[in-house]
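Chemist: the following comprises the amino acid sequence and a computationally predicted model.
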Amino acid sequence: MDADAYLRSLRATAPLVHNMTNQVVANFVANGLLALGASPIMAYAEEESAEITAICHATALNIGTLTSPVFHSMLLAGRSANEHGHPLVLDPVGVGASDYRQKSIERLLSTTEMTLIRGNAGEIATLCGIQWAAKGVDSGDGQYDLKQLAMEAAQRFNCLIAISGQTDWISDGQRVIGVENGQPLMTTVTGMGCLLTAVCAAFLSVDNSLESIAMAHALYGIAGDKAFEQSRLPGSFQMHFLDQLYALSGIDQARIKMIQ
Amino acid sequence: MDADAYLRSLRATAPLVHNMTNQVVANFVANGLLALGASPIMAYAEEESAEITAICHATALNIGTLTSPVFHSMLLAGRSANEHGHPLVLDPVGVGASDYRQKSIERLLSTTEMTLIRGNAGEIATLCGIQWAAKGVDSGDGQYDLKQLAMEAAQRFNCLIAISGQTDWISDGQRVIGVENGQPLMTTVTGMGCLLTAVCAAFLSVDNSLESIAMAHALYGIAGDKAFEQSRLPGSFQMHFLDQLYALSGIDQARIKMIQ
Amino acid sequence: MDADAYLRSLRATAPLVHNMTNQVVANFVANGLLALGASPIMAYAEEESAEITAICHATALNIGTLTSPVFHSMLLAGRSANEHGHPLVLDPVGVGASDYRQKSIERLLSTTEMTLIRGNAGEIATLCGIQWAAKGVDSGDGQYDLKQLAMEAAQRFNCLIAISGQTDWISDGQRVIGVENGQPLMTTVTGMGCLLTAVCAAFLSVDNSLESIAMAHALYGIAGDKAFEQSRLPGSFQMHFLDQLYALSGIDQARIKMIQ
């Protein structure tokens, strides 16, 4: 499928995505999914998290403002997603920031099978037990490190891995695709990564593949590229970004910057 | 009262509205109420929900991201609103999506008296025990169905009912008013319905009547109509919508599209 | 330090600010801190709140949508901030609205030492046991009252006090600085005060002084003044305000309106 075929397919399905995301970004994630053409739902109660996941096309778990009751509900939603064969995506926000986040992620990963884990380099490195603060993004051989990290993490967790950064690296454990779309200004808007996680969940419900996640990253970056053409300040950039997600279509192939 | 009289009255009162709303839309609801000229407050703790309702002019309950502790607080706030004779509004978000939501709504409706229930057709139908997915919005006699549904629900729950859609239908069980203001693009912004619920609560505190809710829907739709004149993309549309709520005044009667 | 020196210092540090803030404004607070050049983190679980505070440069506590579990986490975060000698800021949102808020604030103030308490006149007066509704902002001698209130509150709580209003009054118990930057339209955007609290926390991590808080208020007000030059409607004003926080630099001294 080319970019437009993905977009048409996603908008025809309007996949219902269950987002157990953090309080900070829930509004932006919902608006971003709606703008793109998917349907968001958020449910946090243990009484319904599995049932909500069951009626959805995909589920995204995000530990940004995790609490004990929500974590319990996430375990139930994750199991439900696995039972129903729905895509399950994990965003290990700030996993290195506390023991609680690390142990919660370990328990999630030991009890459910993820379809995709998406995070920044430090988060994915932490999952792999690498002392990232010490190693650093710019250490030695540069981009090779992150490409290698994506590959190793995919093998280790037996799922797709997406590492966001100046170049995004997406791997299934055998191949790695780099995506160079997007703008540094995107890091000045909170929830840009969290929304990308939700968008990946929507794409996986249309096509569960490495290519699908690479395309999600490319199109998300292109929306950022187009928004950046309209504003270089974060408040107005965020607004234009939502507009551009909605307007995405007729994508010029030359805009898509993928590398192997 | 004509439209401007309603707006002047609301802004003179600046009613304090207690919103026990969902995490996804709380920011938008607060900004929308402020833009219109009302005052929002949100309180979720069982220790204070009844006391906060007591100092407010109206209370709105929204089950979008319901959890057990918040549900308990809602019961206390609902009882407090009834005791103080304040308007109490219910938004049964996604009530058909889980048993938990259905049972929670049933308990709310059996222990408190609502002034208004506002939702989309599927939600109001679910409350009435109608299999909406089977029946469908476009089934057979079209708009008549929704008009009838509003009337029946108002009789059944002994309160005002507002059904949002391309045409909104508002009923007190005896009469039904249709409102045709508003734009389909409003459905691409999360919380548009939730904010309307809060706006209805504010209007009820000014004038507790069928006409008041119809006027709230018309003015809300007119803000949408005006925002749509400025942008046809969801991010910028949302911004213009808040601007237009703030700017609403000198409403041309010809703009108000009510049908009986 | 002049205004630009403060901004350069803050952006060079990019202080990590732990915000235990309310659900309504968390997104706006995060985006505002990012726009200014600081780094936000929000963590509410008792399992991690102290640990997150320990890795941050400053912590801000906001009781806007307080619940019992979060209050417990705040006590742990507050103690952690004190132990690590990090700035700790309190925003007593709506403290007069319920017994629960008053008792929670009393317990916070009796178990932790605040670096700064920032609120509106009614909130600070309530903390001091003054019947504000009776006394009123416009009572008798006008501005003198608020200046005096700031001084007395700073002495009473042995910390910096900032009272937001048409003129902001900031005191360390000995001196009082008034700041006249900012626009009334800022009160039509939810979270403007909550974000200012978080911005103060960021400034305190750069320079823990009365002057630092006065400068934070002046620069925040200038961003508001500049945004107001671009829009006089609240939706677009909010967007421009974030843009202006990001763009703040080369501040003309004549723009800063401080009085003694």
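Modeler: Sure, I can see it. Numbering: from 1, shown residues only, chains lettered A, B, ... in the order given.
Chemist: next, the nearest residue to residue A:102 once chain neighbours are set aside: phi, psi?
Modeler: Take residue A:102 and drop its neighbours on the chain: the residue closest to it by C-beta to C-beta, 6 or more residues apart in numbering or on different chains is residue A:95, 5.9 Å away. (Glycine included, C-beta is placed from N, CA and C.) Here is the backbone geometry of residue A:95 (degrees, to the nearest 10): phi -60, psi -30.
Chemist: residues touching residue A:95, list them.
Modeler: A:63, A:101, A:102, A:105, A:119, A:123, A:126, A:127 (C-beta atoms under 8 Å, 6 or more residues apart in numbering or on different chains).
Chemist: for ChimeraX, write the selection for the buried entries among those residues.
Modeler: For the buried members of the contacts of residue A:95, the matching ChimeraX selection, counting by 16 or more other C-beta atoms under 10 Å in any protein chain shown, is:
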select /A:63,101,105,119,123,126,127
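Chemist: could you list which of the contacts of residue A:95 belong to helices?
Modeler: Taking DSSP state H as the definition of helices, these contribute A:101, A:102, A:105, A:123, A:126, A:127.
Chemist: which among those residues gets closest to residue A:237?
Modeler: residue A:123 (23.6 Å; C-beta to C-beta).
Chemist: contacts only, for the closest one.
Modeler: Contacts of residue A:123 (C-beta under 8 Å, 6+ apart): A:92, A:93, A:94, A:95, A:96.
Chemist: the last one: neighbour count?
Modeler: Burial of residue A:96 is recorded as 16 neighbouring residues (other C-beta atoms under 10 Å in any protein chain shown).
Chemist: residue A:163 pairs with what?
Modeler: residue A:119, residue A:169 (DSSP bridges).
Chemist: what residues are up against residue A:167?
Modeler: A:143, A:146, A:178, A:179, A:180, A:259 are the contacts of residue A:167 under C-beta under 8 Å, 6+ apart.
Chemist: look up phi and psi at the fourth one.
Modeler: Okay, so that is residue A:179. Backbone torsions of residue A:179, given as degrees, to the nearest 10, read phi -130, psi 130.
Chemist: confidence score at it?
Modeler: On pLDDT, residue A:179 comes in at 98.
Chemist: test my guess that it contacts residue A:170.
Modeler: Yes: the criterion here is C-beta atoms under 8 Å, and residue A:179 meets it with residue A:170 at 6.9 Å.
Chemist: what about residue A:61, distance to residue A:116?
Modeler: 11 Å (C-beta to C-beta, to the nearest Å).
Chemist: now list whatever residues contact both of these two.
Modeler: Common neighbours of residue A:61 and residue A:116, counting by C-beta under 8 Å, 6+ apart, are A:89, A:90.
Chemist: ok, back up a step: for the contacts of residue A:123, could you give me a markdown table that also reports secondary structure and pLDDT?
Modeler: As requested, the contacts of residue A:123 are exported to a markdown table (DSSP: H, G, I helix; E, B strand; the rest coil; pLDDT from 0 to 100):
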| residue | secondary structure | pLDDT |
| --- | --- | --- |
| A:92 | coil | 98 |
| A:93 | coil | 97 |
| A:94 | coil | 96 |
| A:95 | helix | 96 |
| A:96 | helix | 94 |
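Chemist: how about those residues, which pair is most distant?
Modeler: A:93 and A:96 (10.2 Å).
Chemist: chain C: which of the contacts of residue A:95 is nearest?
Modeler: residue A:101 (6.8 Å; C-beta to the nearest C-beta).
Chemist: from chain B, how far off is the nearest residue to the closest one once chain neighbours are set aside?
Modeler: Nearest residue to residue A:101, sequence neighbours excluded (C-beta to C-beta, 6+ apart): residue A:95, at 4.9 Å. Computed as C-beta to the nearest C-beta, to the nearest Å, the residue A:95 to chain B distance reads 22 Å.
Chemist: name whatever forms a beta bridge with residue A:59.
Modeler: Beta-bridge partners of residue A:59, as defined by DSSP bridges: residue A:18, residue A:88.
Chemist: and the pLDDT at the closest residue to chain B within chain A?
Modeler: Using C-beta to the nearest C-beta, the closest approach of chain A to chain B is made by residue A:242 at 3.0 Å. Note on residue A:242: pLDDT of 98.
Chemist: that one touches residue A:33, doesn't it?
Modeler: No: using C-beta under 8 Å, residue A:242 is not in contact with residue A:33, being 10.5 Å away.
Chemist: picking that back up, most neighbours among the contacts of residue A:167, please name it.
Modeler: Of the contacts of residue A:167, with other C-beta under 10 Å as the count, residue A:179 tops at 26 neighbours.
Chemist: quick check: the gap between it and residue A:3.
Modeler: Residue A:179 is 12 Å from residue A:3, by C-beta to C-beta.
Chemist: give me the common contacts of the two.
Modeler: Overlap of the contact sets of residue A:179 and residue A:3 (by C-beta under 8 Å, 6+ apart) consists of residue A:218.
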